[in-house]
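Q: got a sequence here, can you model it:
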Amino acid sequence: MEIILGLLGGIVLFLYAISQLSENIREWADDKMKDFIAKFTRNVFTAILTGIVATVLLKSSSAAIIITIVLVGAGIVTFRQSLGIVMGANIGTTISSQIMALDVAEYAAIALAIGFILFLITDQKYIFRLGKIVFYLGMIFFGLLTMENAVEPLKSSQYFKDVIASFENPLQGALAGAGIAAVIQSSSATVALAITLAKQSLITLPAAVAVMLGAELGTCADTLLATVRSNRQALKTGLFHFSFNLITIIIGLILFLPFVGLIEYVSNGAAIKTQIANAHLIFNILGVIGFIGFVPVIEKTLNYFLPDEEEIAGELQTA
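A: Okay, the predicted model is just below:
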């Protein structure tokens, strides 16, 4: 029970900190972010870059995609422009994995203290918000540290080892990752959990990669929810995100063993936590490279099955 409570506490801290960090950055740059997204999405390449930058700034691919869905629904960004942003957001979210693979948790107290002092001693809006951002970064690190300490006793649990061993089966591991990400609504937290287990030598690279693949699908839940009561353009953006992740995951599972071998080769003997972060990054980059040539076809397909309301009305009048 102590392990479960410690792990749960760490996950809650991590998720709360990410949510608050994203909200504070969004409040600071919301209008600027909307202008940025609308301006720099004129072609698929700049749209991908925009998605990467927006996700890094917001600390959440879901937040970046949800903002994009809102902008598409409002007619500020077209459905076609949104496709590149979605793909870029998938790359942007891997930056957090690279940070998690570093030993930043030990600096949690420093970031918490600096952030607390900054927003405690000043009434200046800019400094106050900066202090909150630093504080919530520290809370993210502290959440990771809490998770690491909580799972350490699991090294002696044979039952847990048997459960994790089942993740060696790519499909089972991916289903577990999808389930975890859907429940906690964060692929970053799911990958963070895999990295945490890896630091304690509780999970192998193949099992962690399988969980990471599943997390990519589980994170689609909240972006699909964002399309509820939106127009068809926004709905198509949400469906593209789901389709993109599902297809790349299926390909990843088909080529699972070669992909794991590629990660081991590229990582060149690095620690398993770094290999997991590299797998997250390389998988999403390869997915975008593989998908980018099919964007026009996907756009036409979704437009065919989900035509705009105006097009339907025009066809009815013609008939």
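Q: list the contacts for G9?
A: With contact taken as C-beta atoms under 8 Å, 6 or more residues apart in numbering, G9 is in contact with 146, 150. For glycine as for every other residue, the C-beta is placed from the backbone atoms N, C-alpha and C.
Q: report pLDDT for it.
A: For G9, the pLDDT comes out at 77.
Q: please identify the helix or strand for it.
A: helix 2-39 (DSSP states H and E).
Q: which is the next helix or strand following that helix?
A: From helix 2-39, the next helix or strand downstream (DSSP H and E) is helix 44-58.
Q: which of the residues in that following helix are buried?
A: Across helix 44-58, burial judged by 16 or more other C-beta atoms under 10 Å covers 44, 46-58.
Q: now V72: how far from Q200?
A: Per C-beta to C-beta, to the nearest Å, V72 is found 42 Å from Q200.
Q: got it, and L118?
A: For L118, the distance to Q200 - C-beta to C-beta - is 33 Å.
Q: higher neighbour count, these two?
A: L118 (19 against 16; other C-beta atoms under 10 Å).
Q: can you pull the contacts of the more buried one?
A: 127-128, 130-131, 134-135.
Q: and if you look at A101?
A: By C-beta under 8 Å, 6+ apart, A101 lies in contact with 195, 271, 273-274, 276-277.
Q: relative to T78, which of the residues you listed is nearest.
A: Comparing the contacts of A101 against T78 with C-beta to C-beta picks out A277 as the nearest, at 33.6 Å.
Q: could I get the pLDDT score of the closest one?
A: Predicted confidence (pLDDT) for A277: 92.
Q: just to check, it is in contact with M100?
A: Yes: using C-beta atoms under 8 Å, A277 makes contact with M100 at a distance of 6.8 Å.
Q: residues shared between the contacts of these two?
A: Joint contacts of A277 and M100 (C-beta under 8 Å, 6+ apart) are 191, 195.
Q: report the contact partners of P170.
A: By C-beta under 8 Å, 6+ apart, the contact list for P170 reads 206, 209-210, 213, 253, 256.
Q: just the buried members of these?
A: Among these, the ones that count as buried by 16+ other C-beta under 10 Å are 206, 209-210, 213, 253, 256.
Q: report the two of the residues you listed separated the most.
A: P206 and L253 (11.6 Å).
Q: now for I249: which residues touch it?
A: I249 touches 174, 213-214, 216-217, counting by C-beta under 8 Å, 6+ apart.
Q: any idea how far it lies from I85?
A: 20 Å.
Q: sorry, back to before: export the contacts of P170 to a markdown table and append columns for pLDDT, secondary structure and distance to T223.
A: Shown next, in a markdown table, are those (pLDDT from 0 to 100; DSSP: H, G, I helix; E, B strand; the rest coil; distance: C-beta to C-beta, whole Å):
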| residue | pLDDT | secondary structure | distance to T223 |
| --- | --- | --- | --- |
| P206 | 94 | helix | 28 |
| V209 | 95 | helix | 23 |
| A210 | 95 | helix | 22 |
| L213 | 94 | helix | 18 |
| L253 | 95 | helix | 22 |
| F256 | 96 | helix | 25 |
